[in-house]
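Novice: Take a look and give me a structure for this.
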Amino acid sequence: MPLKLKGVLARNGIRHSELCDAVKQKDGKPMSSTGLSLIANWNTWPKNTPKESLQQQTRDFLTSKGVSEEEIATAFDVDGEDSHRHAHPIGIHVGQKHKKPEPEIEPLEIEMLNPAAKRHFGIFRDPFQADVNGPEDVFLASDQRYIREAMFQTARHGGFLAVVGESGAGKSVLRRDLLDRIAREGHPISVIYPMIIDKKSLTPTSIGEAIIKDLVHSAKVPRTKEGQARLLNDLLLGSSRAGNSHVLIIEEAHDIPTECLKQLKRFWELEDGFKRLLSIVLVGQPELKQKLDERVNWEAREVIRRCEIAELQPLGNNLKDYLQHKFKRIDVALDKVMAPDSFDAIYARLTRVKPGSREVLSQLYPLVVNNLVTKAMNRAAELGIPQVTGDLVKEL
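Specialist: Below you'll find the model as predicted:
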């Protein structure tokens, strides 16, 4: 008998190929279309990958697509009435062609500040390129200032923190600022930084190897898990008793497999009396916040309940202060480039109220703002306009 998963995919306009790409088997390869067909149509699961892993990956994917919790909860139930045959995408009438959903806020193509714009405004450096070269270059509104300090205190005192933000919200800048601050102020904090690029392949074993190598570069990693665990604990314990703290930083943490996420609790619980031997800072996109929601990821509740989440918000009312900070870096007065009405226009261009609700959707993140202002400056130079105006921003 088919599963209700088939109807869930149809009603939400999700192609089978999308789900196949998102679900990885034990060998790391994507699920094949044949494998998915056997699951959806006959409730027949592959033998080489745990059923629970495939189901959890599917739940994570459906959550990222905005599928309701109710549908996700019953997706793996048997559909006795074979009702998927009559399912069609939500909001699409029978016989109506399914259109690809458009983003709430239309994105702009990435653009660089061209030489003509630099000449036009009399500037010699792009305010948004190679723009963070020291702590004085980091823009800190109250939100960023709080998260910056939370990361530092977590690293010093054995905490467990997840820093969440959209792409371009400034997560990597705050991570770099933390590393620079530790070195600049001479704090006895050892940073452990797993170098695996694809965090989907991160495992507790690879984290253990990273801890050992970052503490003692010449250390030989034991082949057995027991030997590795004992060496890891001994190194952390010895370093701690010598007066050092340790922080494990994992970027792109939204890609961490659920099983690996669960095991982070074991690392965090390493201790010497009342002192934690290891702090943990996760850095990731909003999918990480979903993964750390025990309603969605119940099996990881032990680690979720111990992890504080700090979310980077859009610039909002700090938009003008942010731009002032950027142009001050290159010794240019903001009002030389931006007209007074341009800020409201930028806010309006990158903000929407979600239809049918009062929820405000905002893309007022540094990277997005940088790109919009760059595009506006290029356009102003092309038209010969002395400043970026509100009307010009509205046309973009």
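
Novice: how does this structure divide up, domain by domain?
Specialist: 5-86, 115-129+315-395, 142-311 (automatic domain parsing).

Novice: now these as CSV including mean neighbour count and distance to residue 109?
Specialist: Placement of C-beta: from N, CA and C, glycine included. Conversion of those to CSV gives the following (neighbours: other C-beta atoms under 10 Å; distance: least, C-beta to C-beta, whole Å):
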stretch, mean neighbour count, distance to residue 109
domain 5-86, 16, 24
domain 115-129+315-395, 17, 8
domain 142-311, 17, 14
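
Novice: Now render those domains as TSV, adding distance to residue 136 and mean pLDDT.
Specialist: Supplementary listing: these in TSV, determined by distance: least, C-beta to C-beta, whole Å; pLDDT from 0 to 100:
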stretch	distance to residue 136	mean pLDDT
domain 5-86	37	81
domain 115-129+315-395	8	92
domain 142-311	11	93
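
Novice: Which residue ranges of the stretch 251-396 of the chain form helices?
Specialist: If DSSP state H, counting those that start in this stretch is used as the criterion, the helices of the stretch 251-396 of the chain fall at 258-268, 286-291, 301-304, 319-329, 342-349, 366-383, 390-395.

Novice: so what does the first one touch, helix or strand wise?
Specialist: This means helix 258-268. The contact analysis (3 or more C-beta pairs under 8 Å, 6 or more residues apart in numbering; DSSP states H and E) places helix 258-268 against helix 51-64, helix 204-215, strand 279-284, helix 301-304.

Novice: Which residue, neighbours along the chain excluded, lies closest to residue 139?
Specialist: If you skip the residues right next to it in sequence, residue 139 has residue 325 as its closest partner in space, 4.8 Å away by C-beta to C-beta, 6 or more residues apart in numbering.

Novice: Revised request: answer the last question for residue 35.
Specialist: Nearest-residue entry for residue 35: residue 46, 5.6 Å, with adjacent residues in sequence omitted and distances by C-beta to C-beta, 6+ apart.

Novice: likewise residue 195?
Specialist: With C-beta to C-beta, 6+ apart, the residue lying closest to residue 195 is residue 210, at 7.0 Å.

Novice: before we move on, what about residue 168?
Specialist: Nearest non-adjacent residue to residue 168, counting by C-beta to C-beta, 6+ apart: residue 367, 2.5 Å away.

Novice: Let me see the contact set for the one you found.
Specialist: When contacts are counted by C-beta atoms under 8 Å, 6 or more residues apart in numbering, residue 367 touches 167-169.

Novice: Closest one of these to residue 220?
Specialist: Within the set of the contacts of residue 367, residue 167 lies nearest residue 220; the separation is 38.8 Å, counting by C-beta to C-beta.

Novice: Kindly provide the distance from the closest one to residue 391.
Specialist: Using C-beta to C-beta, to the nearest Å, one obtains 29 Å as the distance from residue 167 to residue 391.

Novice: for residue 239, same thing?
Specialist: For residue 239, the distance to residue 391 equals 60 Å [C-beta to C-beta].

Novice: Then residue 171?
Specialist: Residue 171 sits 34 Å away from residue 391 when distances are taken as C-beta to C-beta.

Novice: Could you do residue 236 as well?
Specialist: Residue 236 sits 60 Å away from residue 391, going by C-beta to C-beta.

Novice: One more: residue 129?
Specialist: Following C-beta to C-beta, the distance that separates residue 129 from residue 391 is 27 Å.
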